[in-house]
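Engineer: the following block contains a protein sequence and its predicted model.
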Amino acid sequence: MIAINNVHKVFNRGKANQVNAVNGISIDIADEEFLMIVGSNGSGKTTLLNLIAGTELPGEGTISIDSSDASKLPDYKRSQWIARVFQNPLSGTAPDLSILDNFRLAALRTKPKGLSIGVNDAFKKQVKEKIATLGMGLQDKIEQPMGSLSGGQRQALTLLMSVMDSCKVLLLDEPTAALDPRSAEVVMRTADSLIRDFKLTAVLITHNLKDAFTYGTRIIRMSEGMIINDLSRDQKAALKQNELYEWFA
Ligand SMILES: Nc1ncnc2c1ncn2[C@@H]1O[C@H](COP(=O)(O)OP(=O)(O)OP(=O)(O)O)[C@@H](O)[C@H]1O
């Protein structure tokens, strides 16, 4: 479980441009929850995700993942436990390297420094099998450079690479914002099935209420650094999609 307790994050404290980006948020995110965060621009969504990831530290309050204080997690534990996918499909991969080499680098991410992973037949077979689960036919293109793929294909592979090994938490910051609708749907479906298969706890920021409704097990809305709506799994199940728009109006 991710336990967020009275967390505050202030930027430029005491200056004219002070921003209370996260303003006393408390929320428990259950194991295997797929939490959607919606809210207007500047409402603190990315800052909250950064705090969970440990890339920003709270000024006040605590965040723990499975009872370990997230701010005190050593880097290797953080990268083992927490995977992150960003809006830009280019940010998670090396475009000039092959798909296979990108998977090799991803496998090294959570290993002790100095360890190497050879591209032997067993590793190749394993990568092909994983990629085949996407149903995109990319398992036959593993020698192709990552940069030759479409944004949606890259984002789906980025997701797959990011949840390898002992990942517990998947953080997604508008992963489909740069994609066309069809690719966006493939990426959302991929994320959803990986989260289920790997039993991950996931948090996704989106401006797309339809995606939030379709895939989220819980939806929160943020405004001015606070959670102003929190729609549980049961409440969500009782709503029709058009009622969701009214709920968040
Ligand atoms: N490093 C920073 N330094 C100063 N201010 C920051 C910093 N990061 C975020 N902010 C400010 O904190 C507020 C919340 O930003 P944040 O990026 O968390 O919002 P958001 O809800 O993710 O917005 P968007 O939907 O536009 O991505 C904004 O006013 C932003 O300008």
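Structural biologist: Sure thing, it's come through.
Engineer: for the rest of this, base every contact and every neighbour count on C-alpha atoms.
Structural biologist: OK.
Engineer: isn't N88 up against D173?
Structural biologist: No: using C-alpha atoms under 8 Å as the test, N88 is too far from D173 to be in contact (9.4 Å).
Engineer: more neighbours: these two, which one.
Structural biologist: D173 (20 against 17; other C-alpha atoms under 10 Å).
Engineer: quick one, what contacts the closest residue to L97 other than its chain neighbours?
Structural biologist: Excluding its sequence neighbours, the residue lying closest to L97 (C-alpha to C-alpha, 6 or more residues apart in numbering) is P145, at 5.2 Å. Applying C-alpha atoms under 8 Å, 6 or more residues apart in numbering, one finds that P145 lies in contact with 95-99.
Engineer: what's the answer for H8, then?
Structural biologist: Neighbouring residues of H8 by C-alpha under 8 Å, 6+ apart: 20-25, 58-61.
Engineer: how distant is the longest helix along the chain from the center of its chain?
Structural biologist: For the chain, the longest helix by residue count, based on DSSP state H, is helix 181-197. Mean-position distance between helix 181-197 and its chain equals 12 Å (C-alpha atoms, centre = their mean, to the nearest Å).
Engineer: and it, what's buried?
Structural biologist: Burial within helix 181-197, assessed by neighbour count using 16 or more other C-alpha atoms under 10 Å, is assigned to 183-184, 186-192, 194-195.
Engineer: now do stretch 23-33
Structural biologist: Applying 16+ other C-alpha under 10 Å to stretch 23-33 flags 23-26, 29, 31-33 as buried.
Engineer: what sits up against it?
Structural biologist: So stretch 23-33 is contacted by 1-9, 35, 61, 195-196, 199-202, 217-218, 224-227 (C-alpha under 8 Å, 6+ apart).
Engineer: from those residues, list the buried ones, please.
Structural biologist: Counted by 16+ other C-alpha under 10 Å, those give 1-9, 35, 195, 200-202, 217-218, 224-227 as buried.
Engineer: okay, and the residue nearest to M136 when sequence neighbours are not counted sits in which element?
Structural biologist: Of all residues not flanking M136 in the chain, Q153 sits nearest, at 7.8 Å (C-alpha to C-alpha, 6+ apart). For Q153, the host element (DSSP states H and E) is helix 151-162.
Engineer: send the alpha carbons of that helix over as CSV?
Structural biologist: Provided in CSV are the C-alpha atoms of helix 151-162 (Å, rounded to 0.1, in the frame of the first residue of the first chain):
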residue,chain,number,x,y,z
GLY,A,151,5.0,6.6,-30.7
GLY,A,152,2.3,4.1,-29.7
GLN,A,153,4.5,1.1,-30.3
ARG,A,154,7.4,2.7,-28.3
GLN,A,155,5.1,3.7,-25.5
ALA,A,156,3.8,0.1,-25.3
LEU,A,157,7.3,-1.3,-25.2
THR,A,158,8.4,1.3,-22.6
LEU,A,159,5.6,0.1,-20.4
LEU,A,160,6.6,-3.5,-20.8
MET,A,161,10.3,-2.7,-20.1
SER,A,162,9.4,-0.6,-17.0
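Engineer: which elements pack onto that helix?
Structural biologist: strand 82-85, helix 99-109, helix 121-132, helix 181-197 (3 or more C-alpha pairs under 8 Å, 6 or more residues apart in numbering; DSSP states H and E).
Engineer: mean confidence for that helix?
Structural biologist: Taken as a whole, helix 151-162 carries a mean pLDDT of 90.
Engineer: okay, angle between it and helix 121-132 too, please.
Structural biologist: 130 degrees (axes from the mean of the first three to the mean of the last three C-alpha atoms, to 10 degrees).
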